[in-house]
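>>> Need coordinates for the below:
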Amino acid sequence: MEEATNLFHGGIDEDTDIDCVIAKRVDIKKAAGMEFQLKRFGIGRDRRDTGELIAYLKKLSSGYPKSKVKLLVCLDDLVSISANQLYAGVNFADLPFGGVLFLWLSDDTVHIKEIHPRGCEIKYPISDLYVVKA
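Numbers count the residues shown, from 1 in each chain. Have a look, this model is predicted:
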């Protein structure tokens, strides 16, 4: 979790299509992972609502080539969105990402929700998450 937190808080300001890859620890020749473009939404913004998030996602659509990379957006504190308004305002199939997920923290719980394609929400107690270093 510390490494993921550092990516979101400190970050690396580079123009890359892939920010990180998460792979199952197996024989490197057989390893298969998921590629992610990481973004934060809400920090330093006057508005932190659904309309602003829709504008943000639409702006991202012009900056990346079409790929299978998934977009993982960490929602900052005080972000409040309406899922219905989000689905009505964004054509997720037009985004250049292979999927869109949101991540946020609430009550010592990490929430991950797959928005496109529509998926379920997964919750993890912060105390259950850790990073194993090689």
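>>> SS state for the residue most central in space within the chain?
By Cα atoms, centre = their mean, the chain has its centre lying nearest to residue 72, at 1.3 Å. Using DSSP: H, G, I helix; E, B strand; the rest coil, the structure places residue 72 in strand.
>>> Now for it: which residues touch it?
36, 37, 38, 39, 101, 102, 103 (Cβ atoms under 8 Å, 6 or more residues apart in numbering). Glycine gets a C-beta too; all of them are placed from N, C-alpha and C.
>>> Just those: which are in strands?
Cross-referencing these against strands under DSSP state E gives 36, 37, 38, 39, 101, 102, 103.
>>> a markdown table please, covering these and showing pLDDT.
Below are these laid out as a markdown table (pLDDT from 0 to 100):
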| residue | pLDDT |
| --- | --- |
| 36 | 81 |
| 37 | 83 |
| 38 | 83 |
| 39 | 86 |
| 101 | 89 |
| 102 | 90 |
| 103 | 86 |
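>>> ok, those vs residue 53, which is closest?
Residue 53 has its nearest neighbour among the ones in strands among the contacts of residue 72 in residue 102, at 9.2 Å by Cβ to Cβ.
>>> Next up, the contacts around the closest one.
Listed by Cβ under 8 Å, 6+ apart, the contact set of residue 102 reads 72, 73, 74, 75, 111, 112, 113, 115.
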